[in-house]
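**Q** I'd like to go over a predicted model; first the sequence, then the structure.
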Amino acid sequence: MENLFYNIAILGANGTIGNAFLSHFSELDNVKTIYAFSRSKVSFKSAKVIPYKINYNNEEEIKASAMISSKIRKLDLVIVANGILYDNQAFPEKKISEISIDNLKKLFFVNTILPLIFAKHFLPQLSNENTSVFAFMSARIGSISDNRLGGWYSYRASKASLNMMIKNLSIEIERTNKKAVIVGLHPGTVDSPLSKPFQKNIPKNKLFSPEFSIRQLSKVIYSLKPEDSGKIYAWDCVEINP
Ligand SMILES: NC(=O)c1ccc[n+]([C@@H]2O[C@H](COP(=O)([O-])OP(=O)(O)OC[C@H]3O[C@@H](n4cnc5c(N)ncnc54)[C@H](OP(=O)(O)O)[C@@H]3O)[C@@H](O)[C@H]2O)c1
């Protein structure tokens, strides 16, 4: 039987992927409420969506967000859509000479540390009545065994660390909530600001629209079972080796 998700929290709801998840789930009948958290105001027209602006640097706000979204009903699904590859100061490193402490810190904060702090506060609020899911946006590029090209040090390492955290969390939560499934998801290459500067060598049929990717990922999410916890899945339901 497919999983049922009534109460959902999405972190990073104003990103391309976060917003596409918001749009997808808000149209499903079973879904009753979606708490949407973002650094900036979330304007989404659906009675199901409850938007909150959040300061990710304030752990008390993250804790309060977890409490707010689980006050009426425990959470059935949490999605962490946050992630960073580059910004005005940081660009993916081609070689070690391009590495900087500031860029490493920035990418590790958004891609690894923040998701772990979200887990600290949101994981205890997951339902243990039915299968509940905590999904982090990971990336195939965080797979050590899949690394053939090198480069992109900060992004690769921060996503590989995220994958380790996902495994760790799955081991710990299994002791207290046997219905919880913790996974990482790879969306494919999705047309978004994050992938924009790197799209020119991607064949047209390999560059996904956010809608296509999220339809695929939601199939993965709906099919997850407790024994899948700790794993990383791609958009096509195939597991990615660490
Ligand atoms: N696009 C792809 O091809 C691709 C491929 C593999 C994996 N992914 C992963 O998918 C996730 C979403 O990517 P996207 O394509 O939707 O990118 P995007 O459109 O650039 O969205 C960026 C996301 O990261 C958050 N974010 C950005 N800077 C942040 C910061 N300084 N502090 C905290 N949060 C920050 C945003 O949250 P707010 O809503 O709070 O602004 C938003 O959710 C990322 O984890 C990315 O690594 C994407």
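**A** Everything's here; your move. Residues are numbered from 1 along each chain as shown.
**Q** from this protein, which residue is nearest to the ligand?
**A** At 1.9 Å from the ligand, Gly83 is the closest residue in the chain, using Cβ to the nearest ligand atom. Backbone N, C-alpha and C define where each C-beta goes, glycine included.
**Q** just checking, that residue touches Leu194?
**A** Yes. Gly83 lies in contact with Leu194 (Cβ atoms under 8 Å); the separation is 6.8 Å.
**Q** contacts for the lengthiest helix in the chain, please.
**A** If you go by DSSP state H, the chain has its longest helix at helix 153-174. The set of residues external to helix 153-174 that reach it, using Cβ atoms under 8 Å, 6 or more residues apart in numbering, is 85, 90, 92-93, 96, 99, 103-104, 106-108, 110-112, 115-116, 119, 123, 126, 134, 136, 138-139, 141-144, 147, 180-184, 226, 229-230, 232, 242.
**Q** ok, of the residues you listed, which come out buried?
**A** Among the contacts of helix 153-174, the ones that count as buried by 16 or more other Cβ atoms under 10 Å are 85, 90, 92-93, 103-104, 106-108, 110-112, 115-116, 119, 123, 126, 134, 136, 138-139, 141-143, 180-184, 229-230, 232, 242.
**Q** which of those residues fall in strands?
**A** Phe134, Phe136, Ala180, Val181, Ile182, Val183, Gly184, Ile232 (DSSP state E).
**Q** okay, which residue of the chain is out on the far edge from center?
**A** Distance from the C-alpha centroid of the chain peaks at Ser97, with 30.1 Å (Cα atoms, centre = their mean).
**Q** just confirm that residue is within a helix.
**A** Yes. According to DSSP: H, G, I helix; E, B strand; the rest coil, Ser97 belongs to a helix.
**Q** so what's Ala139 up against?
**A** Counting by Cβ under 8 Å, 6+ apart, Ala139 makes contact with Gly83, Tyr155, Lys159, His186.
**Q** again, but for Tyr35
**A** Contacts of Tyr35 (Cβ under 8 Å, 6+ apart): Asn7, Ile8, Ala9, Ile10, Ile50, Tyr52, Ser65, Ile68, Ser69.
**Q** coming back round to it: now for the contacts of Ala139: which two are most distant?
**A** Using Cβ to Cβ, these span at most 13.1 Å, a distance reached by Tyr155 and His186.
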